[in-house]
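Take this sequence and fold it.
(chains A, B, C and D)
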2 protein chains.
Amino acid sequence: MSSHPQLCHSDCDDCPIRHRAVCAHCDTSELEELEQIKYYRSFEAGQTVIWSGDQMSFVGSVVSGIASLTQTMEDGRTQMVGLLLPSDFVGRPGRDGAPYDVVATTDLVMCCFRKKPFEELMARTPHIAHRLLEMTLDELDAAREWMLVLGRKTAREKIASLLSIIARRDASLTKRGMSGPMVFDLPLTREAMADYLGLTLETVSRQISALKKDGVIHLEGKRHVTIPDMGRLMEEAGDDTDGGFLV
Amino acid sequence: MSSHPQLCHSDCDDCPIRHRAVCAHCDTSELEELEQIKYYRSFEAGQTVIWSGDQMSFVGSVVSGIASLTQTMEDGRTQMVGLLLPSDFVGRPGRDGAPYDVVATTDLVMCCFRKKPFEELMARTPHIAHRLLEMTLDELDAAREWMLVLGRKTAREKIASLLSIIARRDASLTKRGMSGPMVFDLPLTREAMADYLGLTLETVSRQISALKKDGVIHLEGKRHVTIPDMGRLMEEAGDDTDGGFLV
DNA sequence: AATGGACCTTGACCCAGATCAAGTAGGACC
DNA sequence: GGTCCTACTTGATCTGGGTCAAGGTCCATT
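Purely as a prediction, here's the structure:
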C-alpha cells in the first residue's frame, strides 16, 4: 500500500483496494462519508450479480475474484463485453437500468456503495465526478481496443491478447514488475475465455495447446501459466510491441 | 428545432446541431463563452482529422458528414471502433493523446471548441461535466453493443445491424418517425462497412445483395436504401425486437 | 479406491466467410 | 462519344474456425 498512503486507514487489510478505484485524492471527511454508505457482498462462481434491465442500487468495485459483463442473444449466443478484475469499478452513476448482465465468473467479493448517497456525494465533490469520467474513458478505451481484437484478430492472436491482458493486470495488482517471466493462474474457464474472445471453447483449447507447443507459454495443470518472454507473447498478439505496457 | 428552443439563437441555421451534444441546458452566459472558443473545420472525404497518438487540441461535434474512429494493425488490418454521425461528440476532456485515428469518411464539417478553455468551463460548470459523463456512458454502451455484433453475429446479421443503426439515426436526425418504410442514403462505402463490421468488402456486397433478393431492403443505385419493414430488418439483425428503438 | 462430474483435449468433418480473379456500372473529364 | 477511375458485383476456390463426437484428467464425495 506504500504507493497510495493517503488511502490507508484502519481497515486497509480488510479491503485493501476498496477506495483506490473511486477516490485516490479523497480527504478524511469524504472517506468517512463513503464509509457510512459502504457494505460488502459476496457471490459464488456462476451467480448473477445484476440482471440486464434491473435497477442497480449500488456502485462499487471488485475486492477479489472476477466478474464479467455479459450480453446474450435470444438463441443463447453470449458475448462478454467486459472483464472486471480486482479494483475495477462497476456502476453507472446517474443511470438506473443495467444494460447487460453482471456475472460472478469466480467466487466474488464486492465492495459496494449505496447508489443514491454516492451520487449525492459525487454531485458536490467535483474531483470524484472527474475521477468517474476518467474511469469511464478508460473503460471506453478498453472496449474499443477489444473491438479490434474481436473484429480483426485470428484465434491465436485473440488468445495471446487475452493472456497478455491478464498477465499485465496480475503484475500490476501484485506489484510484481513486468520484467522476467510472468507466472499466474488463469482465472477463467476455457468457456469463459471463448465468450470473451468470440470463439468456441474447443478453439480456445486448441490454440492454447498450440502456444504451449510453440514455447510461447508453459502450462502446469490446466490453469497455471508461465510466460517466459512477454515480448514474444505480445508479438503473437499482434500488438504494437510498445505502448501496451501502459495499460 | 422546436424541441430544443433554449438552444436556438442567432446562428441556428449556420450550425443547427452545434450545441445539442454539449449543453442542452446551458444558460446564456455559458453559451456566449462557448461561442468565444468555437470554430469550424472542414475536411475532405478520406482526410485524417486526428492521428492516433497526436495531441488533441479541441473537442467538438460533427455538423455534417461522417467521421470514424479507426484502429490499424501494423500489417494493415483495420477496424472501425466508432462511427460519428452529425451531432455526435468527439473528444476526451482531460486527456491529451488520441488513442486512435479519426478519419473523415465523407466530406466533413466539425464544430470545434478549443480544448483548454473548454476544460476550464467544464471544471466550473457541473452540468456540463455531468453531460460529458452521460455522453461517455452512451458511447460505452454503444461500443459494448457493437462487441456483441463483432464477436457473435453472422455476416448477414452484421449488415442488418448496421443498416438498422443508420436508419434509426437518420430517422432521429431528420425527425422523421420510425413508422412506415424508411428511406435513406448509405453514407459508407462497402469497404467502410466492412471495416466497421469486421468483414471483407466482398462479403458485405454479397450480403447486401442477399438482403435485397429476400426483400428485406430495396436498393436504387448502390446507395439509396428503402427498408419496407423495420421490424423485419431488426429480426434479421438478431436484436431483441423491442428496446432497440430507444437508442 | 471407486464413482461421478466438471473441465479440458483431441480428432474428423464441414461450412461461412476470406481470398483471388474477372467483370460491370456510373460519374468526371476530355 | 470515348476513356478512365472508383466503387461495386459476382464467381470459383480455399481455409480458419465451428460443430460433432469421443476420450482424458483432476477433484470431491462416498
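
Residue of chain A nearest DNA strand D, please.
Nearest residue of chain A to DNA strand D, counting by Cβ to the nearest atom of the strand: residue A:203, 3.1 Å away. Every C-beta, even on glycine, is put in place using the N, C-alpha and C of the backbone.

name the element that residue belongs to?
Taking DSSP states H and E as the criterion, residue A:203 maps to helix A:201-213.

any residue of that helix up close to DNA strand C?
Yes - shown here: helix A:201-213 in contact with DNA strand C (Cβ under 7 Å from any atom of the strand) through A:201-202, A:204-206, A:208-209.

Could you point out the helix or strand that follows that helix?
Proceeding N to C from helix A:201-213, the next assigned helix or strand is strand A:218-220, under DSSP H and E.

Which SSE is immediately downstream of that next one?
Next helix or strand after strand A:218-220 toward the C-terminus (DSSP H and E): strand A:224-227.

from the middle of its chain, how far away would the helix or strand following that next one be?
For strand A:224-227, the succeeding helix or strand toward the C-terminus, using DSSP H and E, is helix A:230-236. With Cα atoms, centre = their mean, to the nearest Å as the basis, helix A:230-236 stands 21 Å off its chain's centre.

give me the number of residues near the closest residue to residue A:54 other than its chain neighbours?
Nearest non-adjacent residue to residue A:54, counting by Cβ to Cβ, 6 or more residues apart in numbering or on different chains: residue A:98, 5.3 Å away. By other Cβ atoms under 10 Å in any protein chain shown, 19 other residues sit near residue A:98.

now do residue A:48
Neighbour tally, residue A:48, other Cβ under 10 Å: 14.

Check the gap between the residue nearest to residue A:54 and residue A:128 for me.
To residue A:128, residue A:98 is 21 Å away according to Cβ to Cβ, to the nearest Å.

again with residue A:93
For residue A:93, the distance to residue A:128 equals 9 Å [Cβ to Cβ].

Give me the common contacts of the two.
Shared contacts of residue A:93 and residue A:128 (Cβ atoms under 8 Å, 6 or more residues apart in numbering or on different chains): residue A:122.

ok, back up a step: ranking the residues of helix A:201-213 next to DNA strand C by neighbours, who comes first?
residue A:204 (24 neighbours).

Domain-wise, how is chain A divided?
With domains defined by automatic domain parsing, chain A comprises A:5-149, A:154-246.

weakest of those domains by average pLDDT?
Among these, domain A:5-149 carries the lowest mean pLDDT, a mean of 84.

is that domain up against DNA strand D anywhere?
No - judged by Cβ under 7 Å from any atom of the strand, domain A:5-149 stays clear of DNA strand D, getting no closer than 8.6 Å.

Stretch A:194-212: how far from the chain's middle?
In terms of Cα atoms, centre = their mean, the centre of stretch A:194-212 is found 20 Å from the chain centre.

outside of that stretch, which residues touch it?
A:68, A:70, A:78-80, A:83, A:149-150, A:155-156, A:158-160, A:162-163, A:188-191, A:193, A:217-219, A:236, B:150-152.

buried subset of those residues?
Neighbour counting over the contacts of stretch A:194-212 (16 or more other Cβ atoms under 10 Å in any protein chain shown) leaves A:68, A:70, A:78-80, A:83, A:149-150, A:155-156, A:158-160, A:162-163, A:188-190, A:193, A:217, A:236, B:150-152 as the buried ones.

Please flag which of those residues sit within helices.
In helices, defined here by DSSP state H, the members of these are A:149-150, A:155-156, A:158-160, A:162-163, A:190, A:193, A:236, B:150-152.

Identify the farthest-apart pair in those residues.
The span of those, defined through Cβ to Cβ, is set by A:236 and B:152 at 23.8 Å.

Give the burial count for the closest residue to residue A:186 other than its chain neighbours, as a bare number.
Using Cβ to Cβ, 6+ apart and skipping the chain neighbours, the partner closest in space to residue A:186 is residue A:223 (4.5 Å). Neighbours of residue A:223 under the rule other Cβ under 10 Å: 12.

Hmm, residue A:223 is touching residue A:183, no?
No - counting by Cβ atoms under 8 Å, residue A:223 does not reach residue A:183; the two are 11.6 Å apart.

Quickly note the distance from the nearest residue to residue A:70 once chain neighbours are set aside to residue A:135.
In space, and not counting its chain neighbours, residue A:70 is closest to residue A:101: 4.6 Å by Cβ to Cβ, 6+ apart. Taking Cβ to Cβ as the measure, residue A:101 falls 20 Å from residue A:135.

the more surrounded of those two?
More neighbours surround residue A:101 than the other of residue A:101 and residue A:135, with 21 against 18 (other Cβ under 10 Å).

Name the helix or strand for the nearest residue to residue A:92 once chain neighbours are set aside, please.
Leaving aside its sequence neighbours, residue A:92 sits nearest to residue B:137 (Cβ to Cβ, 6+ apart; 5.9 Å). Following DSSP H and E, one finds residue B:137 within helix B:126-152.

So which elements touch that helix?
Counting contacts by 3 or more Cβ pairs under 8 Å, 6 or more residues apart in numbering or on different chains; DSSP states H and E, helix B:126-152 is packed against strand A:67-72, strand A:78-84, helix A:126-152, strand B:78-84, helix B:115-123, helix B:155-173.

Which of these sits closest to DNA strand C?
helix B:155-173 (3.5 Å).

That closest one near chain A anywhere?
No - for helix B:155-173, no contact with chain A is found by Cβ under 8 Å from any Cβ of the partner chain; the gap never falls below 9.2 Å.

relative to strand B:78-84, how tilted is that helix?
Between helix B:155-173 and strand B:78-84, the angle comes out at 20 degrees (axes from the mean of the first three to the mean of the last three Cα atoms, to 10 degrees).

tell me the secondary structure for residue A:62?
Here residue A:62 is recorded as strand under DSSP: H, G, I helix; E, B strand; the rest coil.

Any idea how many residues pack against it?
21.

Over to the one 10 residues further on?
Counted by other Cβ under 10 Å, the residues lying close to residue A:72 total 15.

Just list the residues touching it, thanks.
Listed by Cβ under 8 Å, 6+ apart, the contact set of residue A:72 reads A:52, A:78-79, A:101.

What's opposite it in the beta bridge?
residue A:78 (DSSP bridges).

Can I get stretch A:175-190 in PDB, CA atoms only?
Below are the C-alpha coordinates for stretch A:175-190, written out as PDB (Å, rounded to 0.1, in the frame of the first residue of the first chain):
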ATOM      1  CA  LYS A 175       3.200  -5.200  -7.700                       C
ATOM      2  CA  ARG A 176       5.500  -7.600  -9.400                       C
ATOM      3  CA  GLY A 177       7.200  -6.000 -12.300                       C
ATOM      4  CA  MET A 178       6.900  -6.800 -16.000                       C
ATOM      5  CA  SER A 179      10.500  -7.900 -16.300                       C
ATOM      6  CA  GLY A 180      11.400 -11.600 -16.400                       C
ATOM      7  CA  PRO A 181       9.000 -14.500 -16.700                       C
ATOM      8  CA  MET A 182       5.400 -13.900 -15.700                       C
ATOM      9  CA  VAL A 183       3.600 -16.500 -13.600                       C
ATOM     10  CA  PHE A 184      -0.100 -16.500 -12.800                       C
ATOM     11  CA  ASP A 185      -3.200 -18.700 -12.600                       C
ATOM     12  CA  LEU A 186      -5.800 -18.400 -15.300                       C
ATOM     13  CA  PRO A 187      -8.900 -17.100 -13.600                       C
ATOM     14  CA  LEU A 188     -11.200 -18.100 -16.400                       C
ATOM     15  CA  THR A 189     -12.500 -21.400 -17.800                       C
ATOM     16  CA  ARG A 190     -11.900 -22.200 -21.400                       C
END
